[in-house]
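[1] The sequence isn't on hand, but the structure is:
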């Protein structure tokens with residue numbers, strides 16, 4: 001299903017002229033070898049372009065359409081017209097050796113074979129270059145020696161004559177197309193699992209680039225390299241027959257998606273790409289905005305979600321969105337020389353937006369005054385499970401993908417999300433951010449069917465839930481201590497929060513005794529404050545039935561934390577009102 005969706009996406013992109021046609025691909029090219037009509041090197045031309053990367057600018061290789069490049073592992077296999085310095089010039093940073101000479105001779109043989117009958121000045125110049133160039137004398141060529149470090153840094157090189165690129169020459173393109181047609185007649189044929197047509201089967205699939213953690217040269221999505229993976233004698237990718245066209249289409253589409261910096265994002269160790277069946281970028285842009293909302297687009301998202309809920313026309317940046325548009329989300333993770341699929345989800349765009357809207361509703365809690373985001377993005381939400389002081393701030397890989405999948409499909413959240421948030425709060429002695437409070441509330445509503453929690457965006461003073469009331473009580477006791485001892489550095493939260501949250505009966509009697517001494521101090525210094533807190537304590541204690549419970553379950557601990565957070569925010573709210 002993944003490959004079929006990608007092939008369909010490729011065909012839509014091809015209609016728009018966004019991707020290369022079969023036999024060609026997009027490659028990042030760093031330098032051009034400028035040839036004379038006699039095949040001599042006149043100079044090395046820099047093709048890199050200056051681009052902004054955040055606040056800095058960087059020189060990056062130029063994307064050009066070149067003949068389809070081969071898939072290399074450890075053997076010697078040359079590309080046509082576009083390759084690194086080992087194949088094109090027979091040199092690397094250290095010079096040359098037998099291995100590098102083998103690479104150059106492979107490229108020489110391929111170019112002379114493909115261009116032997118090609119006419120035109122460019123084809124003749126390339127032939128003459130390979131016939132006359134000696135890699136062992138490369139350091140005697142001033143043009144190459146001048147840019148030796150640059151051209152041997154691993155980037156791709158192409159041939160050119162001034163501003164004319166070899167791959168754009170009509171005679172060379174015709175020779176390449178003829179060679180492709182001849183080679184395609186000698187392959188093994190079969191029924192393609194993607195298209196259902198009988199065609200030549202691709203033995204090795206092109207690699208996918210752009211997944212962090214995978215090999216920089218690319219990793220395979222479909223690959224078989226050991227006898228244990230073979231079936232009925234079918235070796236390599238003949239074991240899962242995919243036609244040449246389908247293989248080219250899905251790899252081209254996936255590489256195109258991974259190259260779109262604006263419409264992809266990393267989640268844990270996974271790279272998430274997404275696309276609409278119609279290949280319209282407005283769906284990608286609106287989805288990315290919904291998943292990672294910023295402080296400046298909260299109102300726009302609220303309008304989208306409200307219109308969707310009321311079944312009105314949904315617009316994004318003035319463009320009407322079709323709720324029935326098929327939309328796909330694919331999460332890929334690195335796995336040595338291969339890629340593993342964390343998840344693949346497809347649904348109508350309207351249903352995906354509906355599930356996102358419901359998730360944000362469950363996450364909604366009262367926020368501190370400094371919080372500017374109307375919605376907490378999924379990546380920001382997952383960062384709440386990570387120690388922000390550690391070097392590695394990546395959330396648990398598998399959990400991150402499961403959380404995204406649950407949100408998009410409207411399923412239950414993974415239990416690890418909830419437990420990791422509780423662990424983080426305990427590790428930081430009760431620091432409850434609005435993001436953590438929102439996660440706890442959303443989990444209790446979705447996974448524990450806490451219907452009452454749907455009205456708990458802010459403090460619920462009418463709630464008689466024991467765990468929630470205990471959280472409120474702990475917050476008030478902490479406030480009394482802070483009022484009695486202005487400037488205190490460590491409060492009861494630092495010493496007793498974890499115990500109060502898990503085993504209230506062993507901690508709250510001690511805290512009530514401490515409160516009595518703090519209240520006496522308030523009576524001397526702040527009589528009005530003492531009366532306020534006594535009334536508040538009487539109201540909260542009146543909602544507790546019986547004695548303090550011996551233990552609180554994990555679900556009840558979440559309610560305790562939510563009660564504590566709401567009461568703290570209420571205190572700051574009153575200060576702002578004053």
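    Looks like it came in fine. The structure presented is a predicted model; accordingly, all values stated were derived computationally and were not measured. Numbers count the residues shown, from 1 in each chain.

[2] From here on, just use CA atoms for contacts and neighbour counts.
    Will do.

[3] Give the rounded mean pLDDT of stretch 373-391.
    Across stretch 373-391, the average pLDDT comes to 88.

[4] again, but for stretch 471-489
    Rounded mean pLDDT across stretch 471-489 is 90.

[5] Ok, stretch 271-280 next?
    92.

[6] same deal with stretch 27-35?
    93.

[7] for stretch 415-422, same thing?
    Mean pLDDT, stretch 415-422: 95.

[8] Residues in contact with it: which ones?
    384-385, 399, 403, 436, 439-440, 443, 558 (CA atoms under 8 Å, 6 or more residues apart in numbering).

[9] can you rerun that using 10 Å?
    381-386, 395-396, 398-400, 402-403, 425-428, 430, 432, 435-437, 439-444, 447, 498, 554-555, 557-558, 561 (CA atoms under 10 Å, 6 or more residues apart in numbering).

[10] If you count neighbours, what's buried in it?
    416-422 (16 or more other CA atoms under 10 Å).

[11] Mind putting these into CSV with secondary structure and distance to residue 491?
    Converted to CSV, these look like this (DSSP: H, G, I helix; E, B strand; the rest coil; distance: CA to CA, whole Å):
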residue, secondary structure, distance to residue 491
416, helix, 30
417, helix, 28
418, helix, 26
419, helix, 25
420, helix, 24
421, helix, 22
422, helix, 20
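
[12] follow-up on the earlier one: looking at the contacts of stretch 415-422, which are in helices?
    381-383, 398-400, 402-403, 425-427, 435-437, 439-444, 447, 498, 554-555, 557-558, 561 (DSSP state H).

[13] buried subset of the residues you listed?
    The buried subset of the ones in helices among the contacts of stretch 415-422 - by 16+ other CA under 10 Å - is 381-383, 399-400, 402-403, 425-426, 435-437, 439-444, 498, 555, 557-558, 561.

[14] Low-confidence ranges, the chain, go.
    Counting by pLDDT under 70, the chain shows low-confidence ranges at 54, 73, 183-187, 574-578.

[15] and residue 198, how many residues sit next to it?
    12 (other CA atoms under 10 Å).

[16] do you know how far it is from residue 211?
    Look at residue 198 and residue 211: by CA to CA, to the nearest Å, they are 32 Å apart.

[17] Repeat that for residue 29.
    20 Å.

[18] wait, isn't residue 305 in contact with residue 352?
    No - under the criterion of CA atoms under 10 Å, residue 305 makes no contact with residue 352, lying 11.0 Å away.

[19] can you map out the helices along the stretch 101-250 of the chain?
    121-132, 142-146, 148-151, 170-183, 244-258 (DSSP state H, counting those that start in this stretch).

[20] Please work out which of those is packed deepest.
    Each of those was scored by mean neighbour count; the highest is helix 244-258, a mean of 22, by mean count of other CA atoms under 10 Å.

[21] Enumerate residues external to the next helix-or-strand element following it that contact any of its residues.
    Sequence-wise, the next helix or strand beyond helix 244-258 is strand 264-267, with elements assigned using DSSP states H and E. Residues from elsewhere that reach strand 264-267, judged by CA under 10 Å, 6+ apart: 211-212, 257-258, 271-275, 284-285, 288, 291-292, 331-333, 378-379, 382, 394-401, 404.

[22] Mind doing that once more with 7 Å?
    Strand 264-267 is contacted from outside by 258, 271-273, 379, 400-401, using CA atoms under 7 Å, 6 or more residues apart in numbering.

[23] Which secondary structure elements does the helix or strand following that strand sit against?
    Next in sequence after strand 264-267, counting helices and strands by DSSP H and E, comes strand 270-276. Here strand 270-276 touches strand 264-267, helix 281-291, strand 326-335, going by 3 or more CA pairs under 7 Å, 6 or more residues apart in numbering; DSSP states H and E.

[24] Listing partners with orientation, what would you give for the first one?
    What it means is strand 264-267. strand 270-276 (antiparallel) (DSSP bridges).

[25] contact partners of the strand it pairs with?
    The contact list for strand 270-276, computed with CA under 7 Å, 6+ apart, reads 211, 257-258, 264-266, 283-284, 325-333.

[26] for stretch 450-470, which positions count as buried?
    Buried, per 16+ other CA under 10 Å, within stretch 450-470: 453-454, 456-460, 465-470.

[27] Give me the subset of these lying in helices.
    Short answer: the buried residues of stretch 450-470 in helices (DSSP H) are 466-470.

[28] Any chance of TSV for these, columns distance to residue 565?
    TSV is the format used below for these (distance: CA to CA, whole Å):
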residue	distance to residue 565
466	15
467	13
468	10
469	11
470	12
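
[29] Among these, which one lies nearest to residue 545?
    residue 466 (7.7 Å; CA to CA).

[30] which SS class is the closest residue to the closest one other than its chain neighbours?
    Once flanking residues are discounted, residue 466 sits nearest to residue 544: 6.1 Å by CA to CA, 6 or more residues apart in numbering. Assigned state for residue 544: coil (three-state reduction, DSSP: H, G, I helix; E, B strand; the rest coil).

[31] Next, count neighbours for residue 544.
    16.

[32] Verify the stated contact: it with residue 468.
    No - at 10.0 Å, residue 544 and residue 468 do not qualify as touching, with contact defined as CA atoms under 7 Å.

[33] The stretch 101-250 of the chain: strands as residue ranges?
    Per DSSP state E, counting those that start in this stretch, the stretch 101-250 of the chain carries strands over the ranges 156-161, 164-165, 189-191, 198-200.

[34] Could you identify which of these is most buried?
    strand 156-161 (a mean of 24).

[35] Which other helices and strands does that strand contact?
    Right, strand 156-161 is packed against strand 24-35, strand 82-83 by 3+ CA pairs under 7 Å, 6+ apart.

[36] Of those, which is nearest residue 511?
    strand 24-35 (65.8 Å).

[37] Which residues belonging to the closest one are considered buried?
    Under 16+ other CA under 10 Å, the buried positions of strand 24-35 are 24-35.

[38] Using JSON lines, please lay out those residues together with distance to residue 217.
    Compiled in JSON lines, these are given as follows (distance: CA to CA, whole Å):
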{"residue": "24", "distance to residue 217": "18"}
{"residue": "25", "distance to residue 217": "15"}
{"residue": "26", "distance to residue 217": "14"}
{"residue": "27", "distance to residue 217": "12"}
{"residue": "28", "distance to residue 217": "12"}
{"residue": "29", "distance to residue 217": "14"}
{"residue": "30", "distance to residue 217": "15"}
{"residue": "31", "distance to residue 217": "18"}
{"residue": "32", "distance to residue 217": "20"}
{"residue": "33", "distance to residue 217": "22"}
{"residue": "34", "distance to residue 217": "26"}
{"residue": "35", "distance to residue 217": "28"}
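
[39] Any figure for the gap between the residue nearest to residue 138 when sequence neighbours are not counted and residue 134?
    Ranked by CA to CA, 6+ apart and with sequence neighbours excluded, the top spatial neighbour of residue 138 is residue 144, at 6.9 Å. Look at residue 144 and residue 134: by CA to CA, they are 12 Å apart.

[40] same question, residue 341
    Taking CA to CA, one finds residue 341 at 46 Å from residue 134.

[41] Excluding chain neighbours, what is closest to residue 557?
    residue 501 (5.7 Å).

[42] So the one you found, which state does it fall into?
    Classified using three-state DSSP, residue 501 is helix.

[43] What is the burial count for it?
    Residue 501, neighbours per other CA under 10 Å, totals 26.

[44] Hmm, it is touching residue 558, no?
    No - between residue 501 and residue 558 there is no contact under CA under 7 Å: 8.7 Å.
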